Each structure stands twice: as structure tokens, then as C-alpha cells.
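> quick one, fold the following:
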Amino acid sequence: MRLVPRFSLQAKWNHPLFELPNNRLTGIADSHDTQFMWNRYLKPILIPRPVGSENLRQVRKHITNSLTELNAGWTIELDQFKEKPPAPYDEQEFTSIIATLNPKAPRKLVVACHYESKIIPGGEFVAATDSAVPCAMMLNAARELDSLLSVQKKQNPEITLQLIFLDGEEAFVDWTDKDSIYGARHLAQKWASTPFPTSTSEHNVLDSIDAFVLLDLLGAQGPRFESHFKETDTLHAQLTSIERRLHQNEMLSAHTKENEYFVSSKRYAGRISDDHLPFLHRGVRVVHWISTPFPKHWHKLSDDESNLHRPTVANLCKILNIFIAEYLHL
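Model (predicted):
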């Protein structure tokens, strides 16, 4: 006999939003160390890392080692599979990384990005905004929230944090439904057919996801983030509120107005093709945290460290940390 986690779709739909008091908000923001994050987490990712390369294996090891060395106790899974891209490419092996704080929890807040880089002929493409910075932000959040996550893991077993680093987002030749988002397509299909929380459950792993927060194209100066889906308007509003409160407390650098990044919009333009689509199409609620318009160095060799804006990266790290802390009631 074993205790089965309680599972309720109603629980994720009715998740109460929570705002940290100012002293805790500023305390978490103050704990951010941009220089440490840059050197420890970002620089090792700023290398060309196409699918199947030795460089990508190094980055994968960097990601998994960075998480397993923390005190909170992350469980790491690899979703490995093979698929053949269009000619002239041979069959490729893809490996997505799934890091879960408490695998037994019936509900998950997912924060995701892709970690490989696009193949661009004629140069070394390090894909700084696309998506080395999102990867580093996620690793940094796990470290800076480590002690709080450790406590939450013990005190609230009903919900947990899951970090997903997807492989194969970029097209090998031209973006099509089949030549793109390889890792996301495989993982979403796999989870849709995996019963949860037990092998005889009528629900599947995707049902356990409260929200799928996808980070992409982050790190350039002057980003603009809209709400792409009505279903997650409240979470976009939470991010908007976090930016405003951090600005009011003078915790953001080179930040001229309360909501410089997150803007209110009801256009729901959000059909940008990205890793969220296989999850969205299966009913998962999505927050697409992507800069629109895209950064000017998108898919150019100039998307490198020299064109990142450190104050913006630092500000986005603080916003992500607070968002996780408030969603999980840390």
C-alpha cells in the first residue's frame, strides 16, 4: 500500500495568486548576483551548440551538474530519442533535460527554454538570446531560491517547480511543422500518453502542469512582453505587477518607467511558432515570455555576448525569481 498524491484539475485552475511583502520582495531581488550568474551559468553556454554536437553535450553536463550540486535535491530525467531532419541531414539524437524538484507532487509550475543553437553556415553562432540567457536565468533562479525551494519542497508537497531544457527547437533547413521543435513535440506526445499520478489514472502528465512558462529571445536591451493567451492573462498581470513593484522599490537597473517590459495588450497575437505549441494544442496553459518584436540580432552571428544588455538580464533574473517565489508561495 502506498499514498497516492491527491490530484485535482480544480486546484490548478483556482491557484491563489500571492504578492510578497516589500521586505521579502526586495530581499530576494537583493540576493541576485549578476556577475556570478554571468560567469557561473551563462558563459559556459555561450558556445556554438547545435544538435548532436560535443559542445551541446558539454552544455547538457553543465546544466545537470549545476542543478545536482544544489541543496534542494533536483531529480533529473533525460528524454532521449532519434529523428531524421530533412536532407541533407542524417538521423539525429535529441536529448531534452527535465529537472523536477519534487516528482511526487501532483501539480507543477513549468519553466522552460531550449538549449541548443541553430546551425548558421559561415560562422560561430552562440545564440546568446536564443536561448543561452534563458537557460542561465533558470539555473540562476534555482540557485538563488535554493533555500526557499528546499523549505517549500517539505512544507507543500502539493505543487513543485519543474525546469525543462528542450533540445531541437530550431529548424535544420526551413521551419515547418516537422522541421522544428523536435524535443517539445516528442515530450508533449510522450506525456500526453503517460497516465498520472498512477499507471491506471484517467489523467496524464500534461494535466499536472499548472502553467508552462516558456522563455525565449531574452537578454537584449528594450524587450517588450505581451500577453499572448487569454487563459494566462492573470499570470502576465502578475509579471507586470512584479516589474512595477521592483521599479517602485528601486530594485531595477537602467529602468525608466514602472512597466518598461511587460505591457497590457488584449491582441493575443500569440501564435508565434515555438516550443510551447505541442503543449498548448493539448490543453496546457502557456505563458510565452518572448520579446516581441524579436531582438535585432535574432538568427544572426551577432547574437553574442557583446550584444547582451547586462542591466536588462539582471532585471529579468529578478522578475523570474520573484515570479517563481510568488507562484509557489515561497
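> element containing residue 110, please.
Residue 110 is located in strand 107-114, with elements delineated by DSSP states H and E.
> so, low pLDDT: which residues of this protein?
Counting by pLDDT under 70, the ranges of the chain that qualify are 1-8, 266-267, 269-270.
> centroid residue for it?
residue 112 (2.6 Å; CA atoms, centre = their mean).
> what's the spacing between the strand holding residue 110 and its chain's center?
6 Å (CA atoms, centre = their mean, to the nearest Å).
> that strand pairs with which strands?
strand 159-166 (parallel), strand 209-216 (parallel) (DSSP bridges).
> can you give me the helices for the stretch 151-300 of the chain?
182-192, 233-248, 277-280 (DSSP state H, counting those that start in this stretch).
> for residue 115, see how far away residue 145 is.
20 Å (CB to CB, to the nearest Å). For the C-beta atoms, the positions are set from N, CA and C on the backbone; glycine is no exception.
> neighbour-wise, which of these two wins?
Neighbours were counted for residue 145 and for residue 115 using other CB atoms under 10 Å; residue 115 has more, 27 against 23.
> now the longest helix that the chain contains: buried residues?
Longest helix in the chain, counting residues (DSSP state H): helix 310-327. Residues of helix 310-327 classed as buried by neighbour count (16 or more other CB atoms under 10 Å): 312-327.
> one more: stretch 17-33?
20, 25-26, 28-29, 32.
> not counting its own residues, what contacts that stretch?
Contacts with stretch 17-33, where a contact means CB atoms under 8 Å, 6 or more residues apart in numbering, come from 140, 144-145, 234, 238, 241, 245-246, 249, 251, 314, 317-318, 321-322, 325-327, 329.
> tell me the contacts of residue 297?
Applying CB under 8 Å, 6+ apart, we find residue 297 in contact with 128-129, 220, 303-304, 307.
> rerun that using 10 Å as the cut-off
Residues in contact with residue 297, defined by CB atoms under 10 Å, 6 or more residues apart in numbering, are 127-130, 217, 219-220, 303-304, 306-308.
> quick revisit: what angle sits between the longest helix of the chain and strand 107-114?
Angle of helix 310-327 versus strand 107-114, following axes from the mean of the first three to the mean of the last three CA atoms, to 10 degrees, is 160 degrees.
> now render the buried residues of stretch 17-33 as TSV, adding secondary structure and distance to residue 62.
As requested, those are arranged in TSV below (DSSP: H, G, I helix; E, B strand; the rest coil; distance: CB to CB, whole Å):
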residue	secondary structure	distance to residue 62
20	coil	30
25	helix	30
26	helix	31
28	helix	25
29	helix	26
32	coil	20
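> in TSV: those residues, plus distance to residue 157.
Below are the buried residues of stretch 17-33 laid out as TSV (distance: CB to CB, whole Å):
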residue	distance to residue 157
20	22
25	26
26	29
28	23
29	28
32	28
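> sort out which one of these lies nearest residue 203 for me.
Residue 203 lies nearest to residue 20 out of those, by CB to CB, at 31.5 Å.
> from residue 201, how far out is the closest one?
34 Å.
> and what of residue 178?
Separation of residue 178 from residue 201 (CB to CB) stands at 31 Å.
> same question for residue 89.
Distance from residue 89 to residue 201, counting by CB to CB: 38 Å.
> give me every residue that touches the nearest residue to residue 180 once chain neighbours are set aside.
With CB to CB, 6 or more residues apart in numbering as the criterion, residue 180 has its nearest non-adjacent residue at 4.7 Å, and that residue is residue 171. By CB under 10 Å, 6+ apart, residue 171 lies in contact with 85-86, 118-119, 178-182, 273.
> same check on residue 255?
Contacts of residue 255 by CB under 10 Å, 6+ apart are 243, 246-247, 261, 311-312, 314-315.
> and those as JSON lines, adding distance to residue 9?
As requested, the contacts of residue 255 are exported to JSON lines (distance: CB to CB, whole Å):
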{"residue": "243", "distance to residue 9": "30"}
{"residue": "246", "distance to residue 9": "33"}
{"residue": "247", "distance to residue 9": "36"}
{"residue": "261", "distance to residue 9": "32"}
{"residue": "311", "distance to residue 9": "40"}
{"residue": "312", "distance to residue 9": "37"}
{"residue": "314", "distance to residue 9": "37"}
{"residue": "315", "distance to residue 9": "35"}
